[in-house]
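My questions are about this predicted structure, shown below with the sequence.
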Amino acid sequence: MAEVLTPDICVIGAGSGGLTVAAAAASFGVSVVLIEKGKMGGDCLNYGCVPSKALLAAGKQAQSMRSGSKFGIAPAEPQVNFKSVMAHVKSVIAEIAPNDSVERFTALGVRVIQAEAKFGDKRTVFAGDHEVRARRFVIATGSSALVPPIPGLSDVDYLTNETLFEQERLPTHLIIIGGGPIGMEMAQAHRRLGAEVTVIEAFAALGKDDPETASIILSALRAEGISILENTKVVSVERRGKLGVRVHVEGPAGATVVDGTRLLVAAGRIANVGGLDLENAGIQFDRRGIKTGSNLRTTNSRVYAIGDVAGSLQFTHMAGYHAGLVVRSILFRLPIKENRAIIPWATFTEPELAQVGLSEPEAKKSGVPFKILRWPFSENDRAVAEHKAAGLIKILTSPKGRILGVSIAGHGAGEMINMWALAVSKGLGVRDIASYVAPYPTMSEAGKRAAVSYFAPFSRSLRLRKLIGFLRRFG
């Protein structure tokens, strides 16, 4: 006989969003059942954000050893022990894992069930030996690597983000299919650790970002020796010898082949909706994920969907944002409405790339009137002192100065975008940014300088010059 549980909330998926809902609800004394069939912490902890940033950090350390000459320090080629690098990656995961563990959430009062969840009907979920009848359900099952239907791919031992961090040998030549943030971050990390790297992208690399700022990142990656093939289609894949792989491609220069030793598929993500038996609960979904309204409710009003599985922007912080909204709705009966326009994102290459709000192409497409303010890092004293002068900040404003969007390419962009995300979410204008005092010397000064440049045309106003001349008469 299945054990029947009747919690207030049942959360399916113990990734970032699901864990946030469970912890927040439990802290208010609400009964919560959390169901997870895989690893606690989900993709971000085990296969995504955490291990990728740990690997990037190792690559950055190696690159710093090569780059001392501009500071008057003799450069040295690092001796990379890739097995030890991966041990570092695993140690970082292990250090963070207790925060997401079954033991911690059990101590918080959450009932954790480690099994696969399936809907039986509109108000019942089965998981292992348990039958869960909750007042509200939250689906937070995330997404997985999309494997495109490329001829021959199934015959090759390819990698995805779920298997990449299990490797203990550095590839001689890593071929990456996909030029998005994951592909570019892993390209730079492996290149800096000593691998030859080729990235194949069917469209424009980093194509979801502002093209002007993205081009700065792509130039930097190419300067490090990464081959980036844009507007290039993968036609087929085949084995090459015992350990190699050959990728047939068609690009602007015609058909050719790329030979390597390992292949990483980073061509996007697909929502994890399989196996949930969503049809039994009257929940509509498609290949992009579960259909929700702006209030994150599914077509079954008892059920919410958050994060990647809701077909939203695929970021850990997006899932956290969704979780906060859902907690407000379920616990306090407050109206909620998702606003994707305020969500920032960053690509943690070096230099970094960050964006919030409208990009220039999006503004042009929407027909919104806008002005562009720019400030190059080459005119920022801190950037010059640290030889980090490649990059710029680009601000889109309304004609009256309200901030519509910000793109940053350069050192520390992922940190700097925080303030601009606040500015966009609160509807601030360039006057607000111009009026705050930035400590000197910091990279963030570049943003303030860009904001101040909005007022430069006023200095050429004949009317204002006459006013100043008139006021001068009074001493």
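All right, it came through fine. Numbers count the residues shown, from 1 in each chain.

contacts, neighbours, all on C-alpha from now
Noted.

what's the pLDDT at the closest residue to Asp129 other than its chain neighbours?
Beyond its immediate neighbours in the sequence, the residue positioned closest to Asp129 (C-alpha to C-alpha, 6 or more residues apart in numbering) is Ala2, lying 4.8 Å away. We have a pLDDT of 86 for Ala2.

Same check on Phe458?
On the pLDDT scale, Phe458 is placed at 81.

Also the one 3 residues further on?
pLDDT, Ser461: 83.

Just give the number of residues close to it.
Applying the criterion other C-alpha atoms under 10 Å, we find 11 residues in the vicinity of Ser461.

And for Lys364?
As a burial measure, the neighbour count of Lys364 was computed by other C-alpha under 10 Å and equals 12.

now it: how far from Val11?
Taken as C-alpha to C-alpha, to the nearest Å, the spacing of Lys364 relative to Val11 amounts to 41 Å.

ditto for Val258
Spatial separation of Val258 from Val11 under the definition C-alpha to C-alpha is 45 Å.

So between those two, which is more surrounded?
For Val258 versus Val11, neighbours defined as other C-alpha under 10 Å are more numerous around Val11 (27 against 15).

contacting residues for the more buried one?
Residues near Val11 by C-alpha atoms under 8 Å, 6 or more residues apart in numbering: 18, 21-22, 32-35, 137-140.

Mind checking which of those residues are in helices?
Secondary structure assignment (DSSP state H) places 18, 21-22 from the contacts of Val11 within helices.

just checking, what packs against the helix or strand encompassing Met65?
Taking DSSP states H and E as the criterion, the element that holds Met65 is helix 49-66. In terms of contact count using 3 or more C-alpha pairs under 8 Å, 6 or more residues apart in numbering; DSSP states H and E, helix 49-66 is assigned the packing partners helix 42-46, helix 82-96, helix 181-192.

what angle sits between that helix and helix 181-192?
An angle of 40 degrees separates the directions of helix 49-66 and helix 181-192 when computed by axes from the mean of the first three to the mean of the last three C-alpha atoms, to 10 degrees.

Run the chain-centre distance for helix 49-66.
Chain-centre distance of helix 49-66: 17 Å, with C-alpha atoms, centre = their mean, to the nearest Å.

quick one: buried residues of it?
When burial is assessed from 16 or more other C-alpha atoms under 10 Å, helix 49-66 yields the following buried residues: 50-60, 62-63.

Now pLDDT too, for those residues, in TSV please.
As requested, those are arranged in TSV below (pLDDT from 0 to 100):
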residue	pLDDT
Val50	98
Pro51	98
Ser52	98
Lys53	98
Ala54	98
Leu55	98
Leu56	98
Ala57	98
Ala58	98
Gly59	98
Lys60	98
Ala62	98
Gln63	98
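
any idea which of those residues is the one closest to Gly324?
Out of those, the one with the shortest distance to Gly324 is Val50. That distance is 21.6 Å, counting by C-alpha to C-alpha.

Distance check, the residue most central in space within the chain against Ser294.
Nearest to the centroid of the C-alpha atoms of the chain, with distances taken as C-alpha atoms, centre = their mean, sits Phe315, at 4.5 Å. In this structure, Phe315 and Ser294 are 18 Å apart, going by C-alpha to C-alpha.

Roughly how far does Ala204 sit from Val147?
19 Å.

Also Val257?
Here Val257 is placed at a distance of 20 Å from Val147 (C-alpha to C-alpha).

Tell me where the chain is predicted with low confidence.
Flagging of the chain using pLDDT under 70 yields an empty set of residue ranges.

Tell me if I'm right that the residue nearest to Asp129 and Val132 touch.
No - using C-alpha atoms under 8 Å, Ala2 is not in contact with Val132, being 9.5 Å away.

joint contacts of the two?
Both Ala2 and Val132 lack any common contacting residue under the criterion C-alpha under 8 Å, 6+ apart.

Comparing those two, which residue is more hemmed in?
Neighbour totals were compared for Ala2 and Val132, and Val132 leads with 25 against 11 (other C-alpha under 10 Å).

Hmm, that one is touching Phe126, no?
Yes - in this structure, Val132 sits in contact with Phe126. The criterion is C-alpha under 8 Å, and the distance is 6.2 Å.

Would you confirm that Gln63 contacts Arg192?
Yes - with contact defined as C-alpha under 8 Å, Gln63 and Arg192 form a contacting pair (6.0 Å).
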